[in-house]
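J.: Build me a model:
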Amino acid sequence: MANTDVAKLRASNRQAGRKVGGSIGIFLLLAVLGLFMVLPIYLTLVMSVKPVEELFVFPPKLYAVRPTLDNFRDMFRVLHQNRVPFSRYVFNSIFVTVSVTLLQCFFSSMAAFVLAKCKFPGSRLINGVIVISLLYQSSVIYIMQYIVMAKLHMIDTYMALIFPAVASPMGIFLMRQSISQVPDSVIEAAKVDGAGLFRICWQIVIPNQKPALMTLIIFAFQGAWNIQAGSVVFREEYKTLPTVVSQAATSGLARAGVAMAAAVFMLVPPIVIFMLAQRQVIETMAHSGIKE
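T.: Predicted coordinates for the structure are as follows:
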C-alpha cells in the first residue's frame, strides 16, 4: 500500500509539474507577444517627446535624452495657421465617426439578421460575395466610389465621407456569424406570438449580440476615425482631422516630431473606445448568451 501511495504521489507531482511548466510557457509566450504589440506605441510616445535633433540620431535610442513637449505645441500651432479653425476639424471628425459607427451598426445588424435567419433565393450567393469582398482593400474601389459620389452630387459633402463607410462587409460577416448561433426555435416562437421580423431583430436577437456588437463598434470607430477621403472632399471646411494632420506632418523633415505628436494625438480616442468596449465584451461573453 505504501509503494502504491508513493507512486500515486509521484504521478500527481509530475502532472502538477507539467501543468506549471505549461502555464509558465503560455505566460512567456503571451508576454513576448504583448511586448511586440506595446513596442510600436512606446516608440511613438518616445519619439513624440524627442527634440528634432534626437530624431535623426543613429543608432536610434529607445528613450528621450531631453524630453520636450515642443512637438505638441508645434502641432497645434501649425493646425491653427489654417483659415479654418481647428475646432471645425475636430467637429468634422467626431460627426463623421459617430455617424458612421451608428449607421454601420444599424445596417450591418439588420442585413446580418436577414442573411442568417431568413431563407430566400440568392442568400448563399450574397453570403459568398460578402466573404469574397473581405479580400479586397478599400483602395481598390476608390475610382468607382468617386464616380458614384459624383453622379449623386455628393462631392465636397459629409455624405461623401459617411456613405461609403456605412456598408461594411466585415461588420455584416461578424454579425451574421454571431446571429447564426441564435436558435431557430426562439425566432419561431416569436413568430407564433405574432412578432414581426423587425421586432424579432431589435427586441430579441440584437440585445443578445452584445459581444459581437461591441466588437463591431471597435472596428467601426477605428475605421471611421481614420477616414481621410482626400479624393472626394476638397473644401477645407469639410476635411477631417486625420487629413489635416497628415498634411501638416508631411511638410518636411523638420516636422518629423510634429508627425509623431500627431500620431499620439490621433491614437488616444481609438484606445479609449477600445478599453471601454473591451470591458463590455468580456462581461457579456461571461454572462450572456442563448441556449436551447
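
J.: For the rest of this, base every contact and every neighbour count on C-alpha atoms.
T.: Will do.

J.: and P121, which of the three is it?
T.: At P121 the chain is in coil, as set by DSSP: H, G, I helix; E, B strand; the rest coil.

J.: what about it, distance to N127?
T.: Separation of P121 from N127 (Cα to Cα, to the nearest Å): 12 Å.

J.: got it, and A261?
T.: 42 Å.

J.: same question, E54
T.: 52 Å.

J.: If we ignore the residues flanking it in sequence, what's nearest M214?
T.: A277 (5.7 Å; Cα to Cα, 6 or more residues apart in numbering).

J.: show me the contacts for the one you found.
T.: 214-215, 217-218 (Cα atoms under 8 Å, 6 or more residues apart in numbering).

J.: again, but for A224
T.: So A224 contacts 96-97, 100-101, 165 (Cα under 8 Å, 6+ apart).

J.: pLDDT added to these, as a markdown table?
T.: Converted to a markdown table, the contacts of A224 look like this (pLDDT from 0 to 100):
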| residue | pLDDT |
| --- | --- |
| V96 | 90 |
| T97 | 90 |
| V100 | 91 |
| T101 | 90 |
| A165 | 84 |
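
J.: which secondary structure element contains Q104?
T.: Assigned by DSSP states H and E, Q104 belongs to helix 86-117.

J.: Now do that helix: distance to the chain's middle.
T.: 12 Å (Cα atoms, centre = their mean, to the nearest Å).

J.: buried residues in it?
T.: Neighbour counts over helix 86-117 (16 or more other Cα atoms under 10 Å) mark 86, 88-89, 92-101, 103-105, 107-117 as buried.

J.: ok, now stretch 190-208?
T.: 190, 195, 197, 200-201, 204-206, 208.

J.: what residues are up against V65?
T.: 50, 54.

J.: Let's verify it: helix, strand, or coil?
T.: coil.

J.: How much space separates it from V52?
T.: 12 Å.

J.: More neighbours: which of P121 and N127?
T.: N127 (18 against 8; other Cα atoms under 10 Å).

J.: So in the chain, where's the weakest helix or strand by average pLDDT?
T.: helix 2-48 (a mean of 69; mean pLDDT, DSSP states H and E).

J.: after that one, next one along is what?
T.: Next along from helix 2-48, by DSSP H and E: helix 52-55.

J.: helices and strands around that next one, which ones?
T.: Judged by 3 or more Cα pairs under 8 Å, 6 or more residues apart in numbering; DSSP states H and E, the packing partners of helix 52-55 are helix 256-287.

J.: if we go to 10 Å?
T.: helix 2-48, helix 256-287 (3 or more Cα pairs under 10 Å, 6 or more residues apart in numbering; DSSP states H and E).

J.: what element comes up after it heading to the C-terminus?
T.: Trace forward from helix 52-55 with DSSP H and E and the next one is helix 70-80.

J.: Which positions within that following helix qualify as buried?
T.: Quick answer for helix 70-80 (16+ other Cα under 10 Å): 70-72, 75, 78-79.

J.: Find the nearest non-adjacent residue to V90, please.
T.: That would be L241: by Cα to Cα, 6+ apart, it lies 5.9 Å from V90.

J.: I'd say that neighbour and F91 touch.
T.: Yes. Using Cα atoms under 10 Å, L241 is in contact with F91, at 8.7 Å.
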